[in-house]
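Trainee: My questions are about this predicted structure, shown below with the sequence.
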Amino acid sequence: MKCLLYIDPGSGSIIVQAIIGLAAGAAFFIRLNWYRLKSWFSGGKKENEDSESENS
Amino acid sequence: MEKYNFHPASFRDKDGRVFSVEGQLYRGLSPQYLVHYEKLMNSGLYDSLVKSGKLLPATAVQLPKAAVTDYPVVLRPEIIPYISYPYEWSFSQYKDAALTTLAIQMEALEKGLILKDASAYNIQFYHHKAVLIDISSFEIYEQDTPWIAYGQFCRHFLAPLLLMSRAGIETHRFMQTFIDGIPLPLTSKLLPFSTWFSPFILMNIHLHAKSQKRYEHSEEGKRASTVKMPLMNLKGMIDGMIRFIRNLSWNPEGTWKNYYEANQNNYQSAAFLSKKNTISEWIEAIKPGSVWDLGGNTGFFSRIASGKGIFTVCFDIDPAAVEVNYAEVKKQKEKHILPLVMDLTQPSPSIGWANTERQSMTERGKPDVVMALALIHHLSISNNLPFSHTAKWFASIAPHLIIEFVPKTDSQVQKLLATRKDIFDYYNEADFEKTFGQYFHLKNKVRIPDSERTLYLWSEK
């Protein structure tokens, strides 16, 4: 399945991106789910409003 | 002898090599690459990227000759009228090239594919947009694998952009020296100390450079191939890069204002309007296929040609002028003009393997008209070039030359002579006409009103 790996990925580059990925992945997850998190903290009111407006 | 007439830059990736048949460029896909190509087409990624102008369209064709038996699929890409290289891009062009690459990567990940390379040479400017020209850059994404081309992206895009932005715009020329991108240890050394306090630059450049050194040729490094990178983390990293690069800026001190003011004042004057009309008439008479405007500044005169639908490359030494020009190209969505940074006293040379991989400025195209407006005094006086040299070079580029002669009495020439001894006895209209007459036929000559300058139209002998 893998194509010809024609560039050297560089071990150092792989390790650094794994570390960056840890922080960036968490930040990205929060950003994507920001509204859901916000509504969860505010007691789920927001979520209900959203789902109502979606249904209507 | 090779069976195919391969493009000299197409040797790295065996999955999709570029060759020409009877002057037409094709890309042949290898049998092992087909599964990836099918995914690219079936996932809708190809259509979506072509529609948004991020990927150069390439259609599958049947070549009649049995000569292409090694390639089960042969693609014919649309032709880019003038290939440009990263060391010729202004800051915003470079930034757009990087952002296009990242946007493609993000969309590819959504559709189960990934970019297997991130070379700046895979991006070209086509119809006012940065486009990816290499269709074989995509491969099927495998769960939890890291981005193989991350290091290449940092060397080819991030390092040059950061250096241009934080160390000096002139550093864009480094890409000409480092054909596989600027080494990160060098980038780390050249960036100002303050960049160590930016978590993004600290990780992607400074610690990245140290990590490369640490794991180079080491046993521990081998284990890196087993590192898992969940998709969410990979997307997060790409998203972070897009956000960071989008906010990168380069602000030449005061230059913007100077250019805009100059445009407003000069371009309304009688001399400018007369110059514009004369050039417009000459261009209409010649009907060129393409034009090169040498020392074209922000592209005012280039637009006389490009406005008529004639493809025009506007070269200028000043990255700020090219930046202003490119902003206009984007704003007006202009399809026929390409602004590039070029120092005419040392035009981009042929570089790379056997000096054939990246072609020189003049090998990449053959315009029908060269324009050299308000340029000759810079070449003759600032660079001591005799008329015989400039005439010979212009004649080697195009069959027609529109050139403006700026006499010594002109205030702009006086400025150049202010700090040096005038050793330029030959720099006068009579010698100019005599020497250029040895290389061209004089077709027309018009004095620009309210000035001492003259426009000439020369054609090949």
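Mentor: Yes, it's here. Numbering: from 1, shown residues only, chains lettered A, B, ... in the order given.

Trainee: Report the secondary structure state of residue B:445.
Mentor: With DSSP: H, G, I helix; E, B strand; the rest coil as the basis, residue B:445 sits in strand.

Trainee: any idea how far residue B:137 is from the spatially closest residue to it that is not a sequence neighbour?
Mentor: Closest residue to residue B:445 apart from its sequence neighbours, by C-beta to C-beta, 6 or more residues apart in numbering or on different chains: residue B:456 at 5.3 Å. (C-beta placed from N, C-alpha, C; glycine too.) Counting by C-beta to C-beta, to the nearest Å, the separation of residue B:456 from residue B:137 is 46 Å.

Trainee: cool, and residue B:183?
Mentor: On the measure of C-beta to C-beta, residue B:183 and residue B:137 end up 23 Å apart.

Trainee: So which of these two has more stuff around it?
Mentor: When residue B:183 and residue B:137 are compared for neighbours, residue B:137 comes out ahead with 26 against 15, by other C-beta atoms under 10 Å in any protein chain shown.

Trainee: Point out where chain A drops to low pLDDT.
Mentor: Scanning chain A for pLDDT under 70 picks out A:1-4, A:44-56.

Trainee: Show me which positions of the longest helix anywhere in it end up buried.
Mentor: What stands out as the longest helix in chain A, according to DSSP state H, is helix A:11-32. Neighbour-count burial for helix A:11-32, counted by 16 or more other C-beta atoms under 10 Å in any protein chain shown, picks out A:11-21, A:24-25, A:28.

Trainee: Residue B:56 contacts residue B:76, doesn't it?
Mentor: No. Look at residue B:56 against residue B:76 with C-beta atoms under 8 Å: they stay out of range, at 11.0 Å.

Trainee: Give me the more crowded residue out of these two.
Mentor: residue B:56 (22 against 16).

Trainee: got the contact list for that one?
Mentor: Listed by C-beta atoms under 8 Å, 6 or more residues apart in numbering or on different chains, the contact partners of residue B:56 are B:50, B:77-78, B:80, B:124, B:126, B:131-133, B:135.

Trainee: so of these, which ones are in strands?
Mentor: Among these, the members falling in strands are B:77, B:124, B:126, B:131-132 (criterion: DSSP state E).

Trainee: mind listing what's buried in the following helix or strand past the longest helix of chain A?
Mentor: Counting by DSSP states H and E, the next helix or strand C-terminal to helix A:11-32 is helix A:34-41. For helix A:34-41, a neighbour-count test (16+ other C-beta under 10 Å) marks residue A:39 as buried.

Trainee: helices or strands up against helix A:34-41?
Mentor: Judged by 3 or more C-beta pairs under 8 Å, 6 or more residues apart in numbering or on different chains; DSSP states H and E, the packing partners of helix A:34-41 are helix A:45-55.

Trainee: same thing but at 6 Å, please
Mentor: If you count contacts as 3 or more C-beta pairs under 6 Å, 6 or more residues apart in numbering or on different chains; DSSP states H and E, helix A:34-41 packs onto no helix or strand.

Trainee: what's the angle from that helix to helix A:11-32?
Mentor: Put simply, helix A:34-41 runs at 60 degrees to helix A:11-32, going by axes from the mean of the first three to the mean of the last three C-alpha atoms, to 10 degrees.

Trainee: what does chain A have sitting close to chain B?
Mentor: A:3-4, A:6-7, A:9-18, A:20-21, A:24-25, A:27-29 (C-beta under 6 Å from any C-beta of the partner chain).

Trainee: right, and residue B:153 touches residue B:118 too?
Mentor: Yes. Residue B:153 lies in contact with residue B:118 (C-beta atoms under 6 Å); the separation is 3.8 Å.

Trainee: Now do the shared contacts for these two.
Mentor: Overlap of the contact sets of residue B:153 and residue B:118 (by C-beta atoms under 6 Å, 6 or more residues apart in numbering or on different chains) is empty.

Trainee: Are we agreed that residue B:371 is in a strand?
Mentor: Yes. Applying three-state DSSP, one finds residue B:371 inside a strand.

Trainee: what bridges to it?
Mentor: residue B:293, residue B:402 (DSSP bridges).

Trainee: before we move on, back to that, quick one: contacts of the longest helix of chain A?
Mentor: Counting by C-beta under 6 Å, 6+ apart, B:146, B:150-151, B:203, B:208, B:211-212, B:215, B:221, B:224, B:227, B:229, B:232-233, B:235-237, B:239-240 sit against helix A:11-32.

Trainee: Stretch B:304-313 too?
Mentor: Contacts for stretch B:304-313 (C-beta under 6 Å, 6+ apart): B:81-82, B:279-280, B:283, B:288, B:290-292, B:302, B:336-338.

Trainee: okay, stretch B:223-235 in CSV with CA atoms only?
Mentor: Coordinates of each C-alpha in stretch B:223-235 appear next as CSV, following Å, rounded to 0.1, in the frame of the first residue of the first chain:
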residue,chain,number,x,y,z
ARG,B,223,12.6,3.6,16.7
ALA,B,224,11.2,6.9,15.5
SER,B,225,9.6,5.0,12.6
THR,B,226,7.3,3.3,15.1
VAL,B,227,6.1,6.6,16.6
LYS,B,228,2.3,6.9,16.6
MET,B,229,0.7,10.1,15.6
PRO,B,230,-3.1,10.1,16.1
LEU,B,231,-5.1,11.8,13.3
MET,B,232,-6.4,14.4,15.8
ASN,B,233,-2.8,15.4,16.7
LEU,B,234,-1.7,15.5,13.1
LYS,B,235,-4.7,17.7,12.2
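
Trainee: for it, what is the average pLDDT?
Mentor: The pLDDT scores in stretch B:223-235 average 87.

Trainee: Could you list the residues in contact with that stretch?
Mentor: A:11, A:14-15, A:18, A:21, A:25, A:28-29, B:109, B:144, B:146.

Trainee: Now it: buried residues?
Mentor: With burial defined by 16+ other C-beta under 10 Å, the residues of stretch B:223-235 counted as buried are B:224, B:227, B:229, B:231, B:233-235.

Trainee: Can you get me a residue count around residue B:83?
Mentor: Residue B:83, neighbours per other C-beta under 10 Å, totals 17.

Trainee: now it, nearest residue through space, not along the chain?
Mentor: Sequence neighbours aside, residue B:364 is the residue nearest to residue B:83 in space, at 5.2 Å (criterion: C-beta to C-beta, 6+ apart).

Trainee: Then residue B:357?
Mentor: Residue nearest to residue B:357 in three dimensions, not counting chain neighbours: residue B:9, with 4.7 Å by C-beta to C-beta, 6+ apart.

Trainee: okay, the closest residue to residue B:283 other than its chain neighbours: pLDDT?
Mentor: Spatial nearest neighbour of residue B:283, excluding adjacent residues (C-beta to C-beta, 6+ apart): residue B:305 at 5.4 Å. With respect to pLDDT, residue B:305 has a value of 97.
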